[in-house]
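>>> what would the 3D arrangement of this be:
(chains A and B)
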2 protein chains.
Amino acid sequence: MARQLIECVPNFSEGRRPAVIDAIVAPFQNTPGCYLFDHRADADHNRLVVSLVGEPQPVQRALLAAARIAIEHIDMRTHRGGHPRIGAVDVIPFTPLKNIDMPACVALAREFGRRYQEETGVPVYFYEEAALRPERRRLEAVRKGQYEGLKEAIGRPQRHPDVGPPELHPRAGATVIGARRFLVAYNINLDTDDLAVAKKIAAALRASSGGLCHVKGIGLSLTDRKMVQVSLNIVDHEKNPLYRVQEMVRAEARRWGVHIVESEVYGMVPAAALLSSVQYYLQIAGFDPGQVIELRLLEMMGQRD
Amino acid sequence: MARQLIECVPNFSEGRRPAVIDAIVAPFQNTPGCYLFDHRADADHNRLVVSLVGEPQPVQRALLAAARIAIEHIDMRTHRGGHPRIGAVDVIPFTPLKNIDMPACVALAREFGRRYQEETGVPVYFYEEAALRPERRRLEAVRKGQYEGLKEAIGRPQRHPDVGPPELHPRAGATVIGARRFLVAYNINLDTDDLAVAKKIAAALRASSGGLCHVKGIGLSLTDRKMVQVSLNIVDHEKNPLYRVQEMVRAEARRWGVHIVESEVYGMVPAAALLSSVQYYLQIAGFDPGQVIELRLLEMMGQRD
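All right, here's what the predicted structure looks like:
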């Protein structure tokens, strides 16, 4: 079977103590088959965001090891920080990357959630695609009231966890686990300093005001550069590919006599999100990602492991 | 040090006997660190073309093992086939892919050539970027007269091999070894059945008639589809990127009221050749290939080996 690849971006409630951060990150560095792409600790938020890619089994193994360390060293009763959180291990989202689809990733998240609760005693909520109750799809709904508020609220049936008894782990709180699509952060800069233009274009693009179903977006000023930016999150790059977003922004900008100066892909991006745009613009018929040497090589290395 | 990757497309003078073909290919399948992408045997040409990717050391080790088998089983004195050739192991081109530049690939080709001659006794000519004499850059010049003609000609100083005594190996002939860039085969189909249009556009594009310095091209009829094709080889996709070729073809076609219907990337292509075009069309500023999950993963897997 072709090797499955997932992305996982666990968030831990520790952004200040380097020794604890290093200890949490260590299992991600040392587990074969789990690749640590990035980790960023923010002292103000008092939060650690880790970016992993790998096969489902080693990623889950590393997550459990890291969670044990986080739960041992983080005490939510005294934790303070600028970012909303309900637990020492706050959020664990799984994202399908390769040879695994969303239903399989949902199953994985739920299975992992049950095992995690069993092994740590920390109650679990499922969110996004893995949500068991529709009102829990949105992370904000699950985290409402944060650790401090949830301590009481968890006793009410509508706030009961999806796995585990209806009470917070005294030190570690609760954990939100789920499955979601890969989010591409895509910004487009325009040759005007008129913020209203960026806001109008963002409104035309985003789902919340009736635009593309899987795009979120806002307009921003880049004051130093005398430009404005349409700052977008593409939540499903298969259904709303980058080229379509680009051409929609271009067409909307034309209405105001404004042009695209440049765009920015912020952070990581799956190859498929770029290949769909190169196929569009170069009008490539019958393209197979296996024609890309590096993708083919990655596939072959996986099979030989 | 980051892992070096090369491509190698050795050509063997055997396209008819399956058992010999399998034996030649086996070392490419069984050497760790050498990845066999493809092999195609052609009975008319009586020739085997193998496509490999991997690290320099294992690729060279597999090449020597395969060459020994080819030399043992192929007798050039009785070999017949439609494709020009001078040896049982006819041509071995090395192509830089990743973390290795052309001068390093030239050094590798020359070192390998010396070792190959020592171990097999087969005389070696260096061609393309690895040529030691300018007139030997072109493969056709080295192969002039083929095995049968070279038998005599090799005695003349201007046809002496670059490595080894001035006589063919009785059974295995001689081998041409070199370094060259990755060639991208790119075809563009137009909505006309007028072959003259495709020929004019190909002439505008190709180096031999004064177009882009690293492009070769011809015009072809696609009679069944009532279209014509500009069939191009992009010899240096960094200097002559795909998007520039596409836009030049589009602009030339416009002169004749003709449009691009579709294009085709034929065979393998390095990720960089596609990324440069997506950066152009999406106007992405400051893009780093390390942002592409799969490329980053490949790099990390290499470092951990």
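>>> tell me the secondary structure for the residue of the stretch 101-250 of chain A found nearest chain B?
Chain B sits closest to residue A:246 of the stretch 101-250 of chain A, with a gap of 5.5 Å, by Cβ to the nearest Cβ. Where C-beta positions appear, they are placed from N, C-alpha and C, glycine not excepted. Applying DSSP: H, G, I helix; E, B strand; the rest coil to residue A:246 yields a three-state assignment of helix.
>>> skip the chain neighbours and tell me the closest residue to it.
Distances taken as Cβ to Cβ, 6 or more residues apart in numbering or on different chains place residue B:282 nearest to residue A:246, at 5.5 Å, with adjacent residues excluded.
>>> check contacts around the one you found.
The neighbourhood of residue B:282, defined by Cβ atoms under 8 Å, 6 or more residues apart in numbering or on different chains, consists of A:242-243, A:246, A:263, A:277.
>>> pretty sure residue A:7 contacts residue B:293?
Yes. Taking Cβ atoms under 8 Å as the definition, residue A:7 is a contact partner of residue B:293 at 7.2 Å.
>>> list residues touching both of these two?
Both residue A:7 and residue B:293 are in contact with A:53, A:97, A:268, where contact means Cβ under 8 Å, 6+ apart.
>>> out of those residues, name the ones that lie in strands.
Members of the shared contacts of residue A:7 and residue B:293 lying in strands (criterion: DSSP state E): A:53, A:97.
>>> ok, and of the shared contacts of residue A:7 and residue B:293, which contact chain B?
Restricting those to those near chain B by Cβ under 8 Å from any Cβ of the partner chain leaves A:53, A:97, A:268.
>>> turn these into TSV, including neighbour count and pLDDT.
Converted to TSV, these look like this (neighbours: other Cβ atoms under 10 Å in any protein chain shown; pLDDT from 0 to 100):
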residue	neighbour count	pLDDT
A:53	23	96
A:97	21	92
A:268	21	92
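>>> just the pLDDT for residue A:253.
With respect to pLDDT, residue A:253 has a value of 98.
>>> the one 3 residues further on now?
Residue A:256 is assigned a pLDDT of 97 by the prediction.
>>> one more: residue A:300?
Residue A:300 is assigned a pLDDT of 88 by the prediction.
>>> what about it, which SS state?
Three-state assignment for residue A:300 (three-state DSSP): helix.
>>> strands of the stretch 1-150 of chain A, start to end?
Secondary structure of the stretch 1-150 of chain A (DSSP state E, counting those that start in this stretch): strands at A:5-8, A:11-12, A:34-42, A:47-54, A:89-98, A:124-128.
>>> return the helix or strand in chain A with minimum mean pLDDT.
The element with the least model confidence among the helices and strands of chain A, by mean pLDDT, DSSP states H and E, is helix A:293-304, at a mean of 84.
>>> mind giving me the packing neighbours of that one?
When contacts are defined as 3 or more Cβ pairs under 8 Å, 6 or more residues apart in numbering or on different chains; DSSP states H and E, helix A:293-304 sits against strand B:34-42, strand B:47-54, helix B:271-281, helix B:293-304.
>>> same list, the ones you listed, but as TSV with distance to residue A:289 please.
What follows is the helices and strands packed on helix A:293-304, written out as TSV (distance: least, Cβ to Cβ, whole Å):
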stretch	distance to residue A:289
strand B:34-42	14
strand B:47-54	16
helix B:271-281	10
helix B:293-304	9
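>>> okay, now the domains of chain A?
Here the domain assignment for chain A is A:5-179, A:184-297, based on automatic domain parsing.
>>> need the ones you listed in a markdown table with distance to residue B:123, can you?
Output for those, formatted as a markdown table (distance: least, Cβ to Cβ, whole Å):
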| stretch | distance to residue B:123 |
| --- | --- |
| domain A:5-179 | 46 |
| domain A:184-297 | 32 |
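>>> hey, what's the residue of the stretch 51-200 of chain A found nearest chain B bridged with?
At 5.7 Å from chain B, residue A:53 is the closest residue in the stretch 51-200 of chain A, using Cβ to the nearest Cβ. Applying DSSP bridges to residue A:53 gives these bridge partners: residue A:7, residue A:35.
>>> what about it, distance to residue A:37?
Summarising the geometry, the distance separating residue A:53 from residue A:37, computed by Cβ to Cβ, to the nearest Å, is 6 Å.
>>> name the nearest residue to residue A:33, ignoring sequence neighbours.
Counting by Cβ to Cβ, 6+ apart, the residue nearest residue A:33 is residue A:58, at 3.3 Å.
>>> wait, doesn't that neighbour sit right on residue A:31?
Yes. Applying Cβ under 8 Å as the test, residue A:58 and residue A:31 come out as touching, 5.0 Å apart.
>>> what mean pLDDT does stretch A:143-153 have?
Mean pLDDT, taken over the full extent of stretch A:143-153, equals 96.
>>> what's next to that stretch, contact-wise?
Contacts made with stretch A:143-153 from outside it, assessed by Cβ under 8 Å, 6+ apart, are listed as A:76, A:79, A:84-87, A:159, A:168, A:173-174, A:176.
>>> residues from the stretch 151-300 of chain A in reach of chain B?
Where the stretch 151-300 of chain A comes near chain B, counting by Cβ under 8 Å from any Cβ, the residues are A:242-243, A:246, A:260-265, A:267-271, A:274-275, A:277-278, A:281-287, A:291-298, A:300.
>>> just the buried residues from those residues, in ChimeraX please.
A single ChimeraX command is used to select the members of those judged buried by 16 or more other Cβ atoms under 10 Å in any protein chain shown:
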select /A:242,243,246,260,261,262,263,264,265,268,269,270,271,274,275,277,278,281,282,283,284,287,291,292,293,294,295,296,297,298
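>>> show me the residues around the residue lying farthest from the centre of chain A that make contact.
When distances to the mean C-alpha position of chain A are computed (Cα atoms, centre = their mean), the maximum falls on residue A:257, with 35.3 Å. Contacts for residue A:257 were tallied using Cβ under 8 Å, 6+ apart; there are none.
>>> next, it: secondary structure please.
Here residue A:257 takes the coil state, with states given by three-state DSSP.
>>> what's the distance between it and residue B:281?
Relative to residue B:281, residue A:257 is positioned 22 Å away (Cβ to Cβ).
>>> wasn't residue A:233 part of a strand?
Yes. Secondary structure assignment places residue A:233 in a strand (three-state DSSP).
>>> check residue A:98 and give its pLDDT.
According to the prediction, residue A:98 has pLDDT 89.
>>> residue A:202 - nearest residue in space that isn't next to it in sequence?
With Cβ to Cβ, 6+ apart as the measure, residue A:217 is the residue that lies nearest to residue A:202, at 4.0 Å, once sequence neighbours are left out.
>>> listing partners with orientation, what would you give for the host helix or strand of that neighbour?
For residue A:217, the element it lies in under DSSP states H and E is strand A:215-222. With DSSP bridges as the test, strand A:215-222 is paired with strand A:227-234 (antiparallel).
>>> give me the angle between the partner strand and helix A:271-281.
For strand A:227-234 against helix A:271-281, the angle by axes from the mean of the first three to the mean of the last three Cα atoms, to 10 degrees is 120 degrees.
>>> buried ones in strand A:227-234?
Using 16+ other Cβ under 10 Å as the burial criterion, the residues of strand A:227-234 that qualify are A:227-234.
>>> count the residues that sit near residue A:119.
Residue A:119 is surrounded by 11 other residues when neighbours are defined as other Cβ atoms under 10 Å in any protein chain shown.
>>> list the contacts for it?
With Cβ under 8 Å, 6+ apart as the criterion, the residues that contact residue A:119 are A:64, A:68.
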